[in-house]
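Asker: compute the structure for the input listed below.
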Amino acid sequence: MRLVLYQPDIAQNAGAAIRAAACFGASLEIIEPCGFPLDAKALRRVAMDYGALASPTAHAGWSAFLETAAPSRIVLMTTAGSDPLWDFAFRKDDIILLGRESAGAPAEVHEAADARLRIPMAEGARSLNVATTGAIVLAEARRQLGWGA
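Answerer: Numbering: from 1, shown residues only. Now for the predicted structure:
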């Protein structure tokens with residue numbers, strides 16, 4: 001399983017995503033450019049020692065990332081998703097993709113996604129923190145697949 005951040009803006013969120021990926025046995029990848037240097041102190045502080053378990057892999061851009069994606073499915077988490085997370089059947093090689101904190105994912109990313117999912121939320125709520133979203137999705141994938149995946 002791969003958790004991928006698309007051009008993240010906030011180092012602390014990326015650090016928390018590293019920790020979530022490590023705890024759920026997923027790899028963490030970052031599609032650049034980022035709103036911070038990948039060696040940012042804030043990133044290391046939040047990731048703590050979990051960076052050793054899910055050391056981030058950086059991709060120089062969307063095209064570079066796509067070269068590594070096949071044959072896995074790209075599962076985009078988006079508030080614009082039509083299908084709720086709970087109705088989706090995960091596979092062990094899925095790529096869980098999260099958009100930018102400030103702008104989500106652009107049209108080309110939506111078009112490349114094999115699935116566009118949303119996490120159902122209370123009326124009036126706009127979105128969850130990107131790291132929180134990643135943790136929720138990884139937990140659901142693990143619930144479905146178990147630890148053998």
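Asker: give me the number of residues near residue 106?
Answerer: 13 (other CB atoms under 10 Å). Backbone N, C-alpha and C define where each C-beta goes, glycine included.
Asker: how far away is it from residue 21?
Answerer: Noted for residue 106: a distance of 23 Å to residue 21, by CB to CB, to the nearest Å.
Asker: quickly list what residue 29 is bridged to.
Answerer: Beta bridges link residue 29 to residue 4, residue 57, judged by DSSP bridges.
Asker: that should have said residue 117, apologies.
Answerer: For residue 117, the beta-bridge partners under DSSP bridges are residue 77, residue 83.
Asker: which residues does it contact?
Answerer: Residue 117 is in contact with 75-78, 81, 83-85, 88, 137, counting by CB atoms under 8 Å, 6 or more residues apart in numbering.
Asker: distance of it from residue 111?
Answerer: For residue 117, the distance to residue 111 - CB to CB - is 16 Å.
Asker: low-confidence stretches in this structure?
Answerer: 40-54, 149 (pLDDT under 70).
Asker: do a quick rundown of the helices in it.
Answerer: Per DSSP state H, the chain carries helices over the ranges 11-23, 41-47, 62-69, 107-112, 130-145.
Asker: so which bits of the third one are buried?
Answerer: What that stands for is helix 62-69. Residues of helix 62-69 classed as buried: 62, 65, 69 (neighbour count, 16 or more other CB atoms under 10 Å).
Asker: alright, I will stop here.
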